[in-house]
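Visitor: Quick one, what's the 3D model for this:
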Amino acid sequence: MNVILKVGTRLHKRYEIVKVLGQGDFGIVYQVRDKWADKVDCFVAIKQMPMQMIVDCERQADLRATLIHSAIPRIFGYFATDEHSYLVQEFIHGSNLEAILEEHPGFLPENRVITWAIQLCNVLDFLHHHRYHPMVFRDLKPNNVMVGQANKIHLVDFGLARVFPPHFFQDRQAEFRHYRKGLAIGTAGYSPPEQYRGIVEPQSDIYALGATLHHLLTKRDPQKERPFTFQEHPIRSINPAVSRELEAIVMKAVKREVEERFSTAKEMQEALERLRV
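Guide: Sure thing, here's the model as predicted:
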């Protein structure tokens with residue numbers, strides 16, 4: 001059982017808890033001060049999980065070591081106590097998209113959302129085409145996207161990321177097709193229909209990105225609605241200030257059928273970039 005630790009608690013003889021950053025089904029994330037660092041105020045983020053998830057800590061640490069991208073926070077290590085396992089990672093100064101959306105009094109400016117969307121497409125394309133272990137993130141949603149300094153996007157919480165064999169999505173080796181099948185996992189409202197059946201594709205992340213953008217532009221939370229009903233709620237019917245071009249891009253991303261979405265995150269990124277010309 002995850003118990004929230006008190007402010008000032010010292011972990012691993014060096015990490016002093018400053019505050020809770022967030023709490024989910026699989027853990028609690030803290031901002032902590034690294035007392036061994038040379039700087040007086042050196043902060044990192046620590047995710048606390050049940051002890052039995054130590055293997056997941058090891059997996060994420062090994063996985064993230066090769067994910068060198070400006071939008072992916074670095075992993076510094078992991079450790080465990082008798083009751084919990086802890087993942088130590090880069091602390092991002094900023095807020096997640098969910099908090100930004102809740103704090104903004106009206107609809108978010110279109111240009112700001114486009115800026116975030118382009119960056120998210122870029123990091124998804126990086127993950128989907130990773131040389132050694134392409135992966136599908138499987139849990140893209142506002143709560144898992146941090147906005148740091150200079151409006152820079154950071155993708156956080158790789159706990160549900162699914163790794164595939166090298167070049168899997170380019171070569172489509174018949175002998176590995178079963179790798180696309182697994183547990184039905186993700187977040188209701190943001191996960192696409194095929195993910196509910198335990199099947200994932202790069203286009204599954206594209207759907208989740210589209211669902212995230214629809215939420216940001218309309219403030220309509222998909223977790224509170226019937227799943228897969230985006231086509232019944234065109235963006236401009238809720239927020240007329242959004243351009244027809246951006247609406248078309250987002251509505252294509254959230255098509256129920258995989259084949260009707262953008263074929264790659266790069267293709268979606270290019271469509272978004274044309275709106276800024």
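Visitor: going forward, measure contacts and count neighbours with C-alpha atoms only.
Guide: Noted.
Visitor: Mind telling me what element the closest residue to Asn151 other than its chain neighbours is part of?
Guide: Spatial nearest neighbour of Asn151, excluding adjacent residues (Cα to Cα, 6 or more residues apart in numbering): Trp116 at 7.7 Å. Trp116 belongs to helix 110-128 when assigned by DSSP states H and E.
Visitor: same deal with Val32?
Guide: Val32 belongs to strand 28-34, assigned by DSSP H and E.
Visitor: For that strand, name the packing helices and strands.
Guide: strand 15-23, strand 43-50 (3 or more Cα pairs under 8 Å, 6 or more residues apart in numbering; DSSP states H and E).
Visitor: of the ones you listed, which approaches Ile238 most closely?
Guide: strand 15-23 (29.6 Å; Cα to Cα).
Visitor: List phi and psi for Glu102.
Guide: Here is the backbone geometry of Glu102 (degrees, to the nearest 10): phi -70, psi -30.
Visitor: So what's the residue count around it?
Guide: The local packing of Glu102 (other Cα atoms under 10 Å) involves 11 other residues.
Visitor: Quick check, pLDDT for it.
Guide: The model reports Glu102 with a pLDDT of 96.
Visitor: measure it to Asp38 for me?
Guide: Distance from Glu102 to Asp38, counting by Cα to Cα, to the nearest Å: 37 Å.
Visitor: Name the nearest residue to Met53, sequence neighbours excluded.
Guide: Ser85 (6.6 Å).
Visitor: Confirm that neighbour sits in a strand?
Guide: Yes - per DSSP: H, G, I helix; E, B strand; the rest coil, Ser85 lies within a strand segment.
Visitor: quick one: the strands in this structure?
Guide: 10-11, 15-23, 28-34, 43-50, 75-80, 84-90, 95-96, 135-136, 145-147, 153-155, 162-163 (DSSP state E).
Visitor: was I right about Ile153 contacting Ile118?
Guide: No - assessed by Cα atoms under 8 Å, Ile153 is found out of contact with Ile118, at 9.6 Å.
Visitor: Just want to know which of those two has more residues nearby.
Guide: Ile153 (25 against 20).
Visitor: List the residues that contact the more buried one.
Guide: 71, 116, 119-120, 145-147 (Cα atoms under 8 Å, 6 or more residues apart in numbering).
Visitor: just these now: which is nearest Glu201?
Guide: Leu120 (16.5 Å).
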